[in-house]
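>>> Okay, here's the prediction I keep looking at, along with the sequence it came from:
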Amino acid sequence: MSTQDPKLAAALAALAELPEAGVVGLGTGSTAKLFIDELAKLVAAGRDLVGVPTSRASREQAEALGIRLLDDDGPWSIDVTVDGADEVDAALHLIKGGGAAHAREKIVNFASRRNVIVVDPSKLSRRLGEKWPIPIEVLPFGHASTARALAAHGSPNLRRRDGVPVRTDAGNLVYDLRTGEIDDPAALEVLLRSVPGVVETGLFVARADVVLVGGATVRRLARG
Ligand code: 5RP
């Protein structure tokens, strides 16, 4: 396959990871959006694929394209989820949450038998934290105290857009925690999750089965 846009190349390659019929988790972000567009073409052509969206945006896109969706309650039995990432390390651990959807994305990821991550090559790094801060969804109540506790592990910044704090689909806030290179993502995940007020972190440790890296040739990296 040859396409100029690496994100589109990765999204197209993800189609080969889908079952003939079944339930597909729909990620969030610009690469996942391209994948949902392609999935809709398969559905329109008669493939029996049903979606579980990871955000309001993905739900609205999929609905508009005629993809049948399961409700938000679950429990779901998802065959495969296709989602993007902000950073992917050599062990295929991820940082996600650039679109503030990481809490829902992680729930859907854990409910999936397989997780396929679609990225362009700029997302690859040797160690997590090299390029991206960790997005951390926190409850609005006492968020400045939560941030003070998070500061033991890095430098937290409240995410704003147009000067206004960003709200997640659940109405929570996001702190981007700049840590620098992370030695042990699994250990850090435990520490961050132990801070009261933290709803979810953007660290996805050992949660990618396959990473598709778009380019003139798509690279398929598999865990294990
Ligand atoms: C949203 C995410 C996205 O998957 C991540 O930010 C990658 O986005 P994009 O494909 O636009 O680069 O985690 O919460």
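Happy to help now that I have it.
>>> Spell out which parts of this structure neighbour the ligand.
Within the chain, the positions near the ligand by Cβ under 6 Å from any ligand atom are 27-32, 83-86, 96-102, 105. Glycine gets a C-beta too; all of them are placed from N, C-alpha and C.
>>> what stretches of the protein score poorly on pLDDT?
Scanning the chain for pLDDT under 70 picks out 1-3.
>>> Could you list the domains of it?
As assigned by automatic domain parsing, the chain contains the domains 6-125+205-217, 134-202.
>>> okay if I get the ones you listed as a markdown table plus mean neighbour count?
Compiled in a markdown table, the domains of the chain are given as follows (neighbours: other Cβ atoms under 10 Å):
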| stretch | mean neighbour count |
| --- | --- |
| domain 6-125+205-217 | 20 |
| domain 134-202 | 17 |
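>>> now the ones you listed in TSV, with distance to Gly224?
Listed next are the domains of the chain as TSV, based on distance: least, Cβ to Cβ, whole Å:
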stretch	distance to Gly224
domain 6-125+205-217	8
domain 134-202	16
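>>> on that earlier part again, take the residues of the chain next to the ligand and keep only those in strands.
When DSSP state E is applied, the residues of the chain next to the ligand are split such that Asp83 fall in strands.
>>> The closest residue to Val195 other than its chain neighbours: what's it in contact with?
Nearest in space to Val195, with sequence neighbours left out and distances taken as Cβ to Cβ, 6 or more residues apart in numbering, is Ala149 at 4.6 Å. Listed by Cβ atoms under 8 Å, 6 or more residues apart in numbering, the contact set of Ala149 reads Val195, Pro196, Gly197.
>>> and which of those is nearest Gly171?
For the contacts of Ala149, the minimum distance to Gly171 (Cβ to Cβ) is 13.9 Å, reached by Gly197.
>>> hmm, back to that, isn't there a helix covering the residue nearest to Val195?
Yes: counting by DSSP: H, G, I helix; E, B strand; the rest coil, Ala149 is found in a helix.
>>> Can you give me the distance of it to Arg160?
20 Å (Cβ to Cβ, to the nearest Å).
>>> part of a helix, is Ala14?
Yes: assigned with three-state DSSP, Ala14 falls within a helix.
>>> Past the longest strand seen in the chain, which element shows up next along the chain?
Secondary structure of the chain per DSSP E: the longest strand is strand 112-119. Once strand 112-119 ends, the next helix or strand along the chain (criterion: DSSP states H and E) is strand 134-138.
>>> Thanks a lot, see you next time.
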